[in-house]
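*Asks:* Predicted model and sequence below, questions to follow.
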Amino acid sequence: MLDIDFVRAQFPAFDADALQGQAFFENAGGSYTCRPVIERLTRFYTERKVQPYAPYEASRLGGEEMDEARERLAQMMGVDTDEVSFGPSTTQNTYVLAQAFRQFMTPGEAIIVTNQDHEANTGPWRRLADEGIEVREWQVDAETGHLELAALEDLLDENVRLVCFPHCSNVVGEINPVTEITAAAHAAGAFVCVDGVSYAPHGIPNIDMLGPDIYLFSAYKTYGPHQGIMVMRRGLGMTLPNQGHYFNEGALYKRFTPAGPDHAQVAASAGMADYMELLATHHGLSGSVAEKAAGVHDLMRAHEVKLLQPLLDYLSAKNSARLLGPSTAANRAPTVAVELAGSGEAAAAALAEHGIMAGGGDFYAIRALKGMGVDPDKGVLRLSFTHYTHEDEVSKLITALDEVL
């Protein structure tokens, strides 16, 4: 079982005076930062804040720390080091990818997107319609928010070059079967881009085992600095047109990062690997880096599932709240959106009076909310947590919901 006291000791936020008595339930908007990341970021800004990769000591060490971040994260995800790249955000990374596909595809060819997505992973692709690319929408079930695989297969044909979908939605929460979806798309000759922003905080996935060509997530939602992390498998990455400087065309991890890297934040991202290693060691996990990462993933998920089910049961029984997505914790992330009679923002404000930090609004998932018949202007109340959430905090949340709802 996950040692929750050890986990929380790795996050300075839980010791901060300003946050005492507050239960954090808006982790889907950004997680607390773990101590190893903070320490690495502080060290870089105080000891390494020079141009990296020069021969002098501070520069050499800075470059080595940047390389370490890519190497260790790649090992955790089961991919090659140069298949991992960093960008200012996942939104920016997706935009750059869309420009590459704009040059790669020809009018009449098609891409598939969903209406379950956060706008960051659907908007840039939809804009390709302006270039003559056909955009097909894989739509959610209006009642459940579920994406049916059979509905995707009906959209696939020889004209489809790319299928884009989320590992899980930031309002529906259901964990989509990435491996099965990827297999169906590949069988039809299409590439696959997965938005993992809402899933990765609940355990870094093994991308090689999942199988997509592109996987994107955000470090600042995964206990790290504000960076977008992208896995681009070599077969596709060296085929798409280069979006970086012409002299970097031969470097896979530079081909889709036209902006210069944030040296300090890239280096600090190695702290995410430090944290996973700490958890693995403390819980007696062994094996390769990828195997230990998988073990930590399972520890996180087991803890989250245990805490999530009582909350889902409570909300499912409430006539005044409509739970979006599955009511079973095993197949969803602990990102829980509920439609209420009033606005989601008003409910979040009321919860704040009870020491609950939650969010209300549309969360840039306007298409998903409309697809399920929710008024985006009214929005939803979103309650999201991670493995560092304590069971007592969930009890506190349910008690506060009783008062507010």
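*Replies:* Sure thing, it's come through. Source: prediction; values computed, not measured. Numbering: from 1, shown residues only.

*Asks:* Was I right to think Phe165 contacts Thr182?
*Replies:* No: counting by Cβ atoms under 8 Å, Phe165 stays clear of Thr182, with 9.5 Å between them. C-beta coordinates here come from the backbone N, C-alpha and C atoms, glycine included.

*Asks:* Please identify which of those two sits among more neighbours.
*Replies:* Using other Cβ atoms under 10 Å, the more surrounded residue of Phe165 and Thr182 is Phe165, with 26 against 20.

*Asks:* just to confirm, which helix or strand has the more buried one in it?
*Replies:* strand 160-166 (DSSP states H and E).

*Asks:* next SSE after that strand?
*Replies:* Once strand 160-166 ends, the next helix or strand along the chain (criterion: DSSP H and E) is helix 178-187.

*Asks:* Which positions within that next one qualify as buried?
*Replies:* For helix 178-187, the buried set under the neighbour-count rule, 16 or more other Cβ atoms under 10 Å, comprises 178, 181-182, 184-185.

*Asks:* tell me, what's touching Phe165 and Thr182 both at once?
*Replies:* Taking Cβ atoms under 8 Å, 6 or more residues apart in numbering as the criterion, Phe165 and Thr182 both touch Val194.

*Asks:* picking that back up, closest one of the buried residues of helix 178-187 to Tyr223?
*Replies:* Checking these against Tyr223 by Cβ to Cβ gives Val178 as the nearest, at 21.7 Å.

*Asks:* Give me the spatial nearest neighbour of that closest one, chain neighbours excluded.
*Replies:* If the residues on either side of it in the chain are set aside, Val178 comes closest to Leu210, at 4.7 Å by Cβ to Cβ, 6 or more residues apart in numbering.

*Asks:* Touching, the one you found and Val194? I think so.
*Replies:* Yes: the pair Leu210 / Val194 is scored as a contact, 7.4 Å apart, by Cβ under 8 Å.

*Asks:* mind listing what the nearest residue to Ala200 once chain neighbours are set aside touches?
*Replies:* Using Cβ to Cβ, 6+ apart and skipping residues adjacent in sequence, the residue nearest Ala200 is Phe217, 3.8 Å away. The neighbours of Phe217, taking Cβ under 8 Å, 6+ apart as the test, are 90, 195-197, 199-200, 228-229.

*Asks:* Could you do Pro52 as well?
*Replies:* 59-60, 62-63, 66, 263.

*Asks:* what's the most distant pair in those?
*Replies:* Arg60 and His263 (12.8 Å).

*Asks:* Can you get me a residue count around the closest residue in space to Asn206 that isn't next to it in sequence?
*Replies:* In this structure, Asn206 finds its nearest non-sequential neighbour in Gly78, 4.4 Å apart by Cβ to Cβ, 6+ apart. Residues near Gly78, counting by other Cβ under 10 Å, number 20.

*Asks:* Show me the helices in the stretch 251-400 of the chain, by range?
*Replies:* Assigned by DSSP state H, counting those that start in this stretch, the helices in the stretch 251-400 of the chain fall at 263-268, 270-282, 289-316, 344-352, 366-371, 391-404.

*Asks:* got the angle for the third one vs helix 270-282?
*Replies:* What that stands for is helix 289-316. Computed by axes from the mean of the first three to the mean of the last three Cα atoms, to 10 degrees, the angle separating helix 289-316 from helix 270-282 equals 90 degrees.

*Asks:* Distance from the chain centre to stretch 24-36, please.
*Replies:* Computed by Cα atoms, centre = their mean, to the nearest Å, the separation of stretch 24-36 from the middle of its chain amounts to 12 Å.

*Asks:* same thing with stretch 299-318?
*Replies:* Relative to the chain's own centre, stretch 299-318 is displaced by 20 Å; criterion: Cα atoms, centre = their mean.

*Asks:* got it, and stretch 291-301?
*Replies:* In terms of Cα atoms, centre = their mean, the centre of stretch 291-301 is set 16 Å apart from its chain centre.

*Asks:* buried residues in that stretch?
*Replies:* Judged by neighbour count using 16+ other Cβ under 10 Å, the buried positions of stretch 291-301 are 292-297, 299-301.

*Asks:* of these, closest to Ser85?
*Replies:* Ala293 (18.9 Å).

*Asks:* Please list all residues in contact with the closest residue to the closest one other than its chain neighbours.
*Replies:* Spatial nearest neighbour of Ala293, excluding adjacent residues (Cβ to Cβ, 6+ apart): Met76 at 4.0 Å. With contact taken as Cβ under 8 Å, 6+ apart, Met76 is in contact with 204, 206, 273, 276, 289-290, 293.

*Asks:* now with 10 Å?
*Replies:* Contacts for Met76 (Cβ atoms under 10 Å, 6 or more residues apart in numbering) come out as 84, 204-207, 272-273, 276-277, 288-294, 296-297.

*Asks:* Surely it is in a strand?
*Replies:* No: assessed by DSSP: H, G, I helix; E, B strand; the rest coil, Met76 does not belong to a strand; its assignment is helix.

*Asks:* how much space between it and Gly203?
*Replies:* Distance, Met76 to Gly203, using Cβ to Cβ, to the nearest Å: 10 Å.

*Asks:* roughly how far apart are Ala150 and Glu393?
*Replies:* With Cβ to Cβ as the criterion, Ala150 and Glu393 are 39 Å apart.

*Asks:* Settle it for me: which of the two has more neighbours?
*Replies:* Glu393 (18 against 7).

*Asks:* Need the per-residue pLDDT for that one.
*Replies:* At Glu393, the model reports a pLDDT of 98.

*Asks:* nearest residue to it other than its sequence neighbours?
*Replies:* Nearest one to Glu393, counting by Cβ to Cβ, 6+ apart, is Ala23 at 4.0 Å.

*Asks:* With Leu307 instead?
*Replies:* In space, and not counting its chain neighbours, Leu307 is closest to Val394: 5.0 Å by Cβ to Cβ, 6+ apart.

*Asks:* Burial check on that neighbour, number of neighbours?
*Replies:* 22.

*Asks:* and it, what does it touch?
*Replies:* Taking Cβ under 10 Å, 6+ apart, one finds 23, 25, 306-311, 314, 334, 383, 385 in contact with Val394.

*Asks:* care to break the chain down by domain?
*Replies:* Per automatic domain parsing, the structural domains of the chain span 4-33+289-404, 41-273.

*Asks:* Take stretch 120-133, keep the C-alpha atoms, and write them as PDB.
*Replies:* What follows is stretch 120-133 as a C-alpha-only set of coordinates in PDB (Å, rounded to 0.1, in the frame of the first residue of the first chain):
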ATOM      1  CA  ALA A 120      -5.700  22.400 -26.500                       C
ATOM      2  CA  ASN A 121      -5.700  19.000 -28.200                       C
ATOM      3  CA  THR A 122      -8.600  19.600 -30.600                       C
ATOM      4  CA  GLY A 123      -8.500  23.300 -31.600                       C
ATOM      5  CA  PRO A 124      -5.200  23.200 -33.500                       C
ATOM      6  CA  TRP A 125      -6.200  20.100 -35.400                       C
ATOM      7  CA  ARG A 126      -9.600  21.500 -36.300                       C
ATOM      8  CA  ARG A 127      -8.000  24.600 -37.800                       C
ATOM      9  CA  LEU A 128      -6.500  22.400 -40.500                       C
ATOM     10  CA  ALA A 129      -9.900  22.400 -42.100                       C
ATOM     11  CA  ASP A 130      -9.000  25.900 -43.300                       C
ATOM     12  CA  GLU A 131      -6.200  24.200 -45.400                       C
ATOM     13  CA  GLY A 132      -8.600  21.700 -47.100                       C
ATOM     14  CA  ILE A 133      -8.000  18.900 -44.600                       C
END
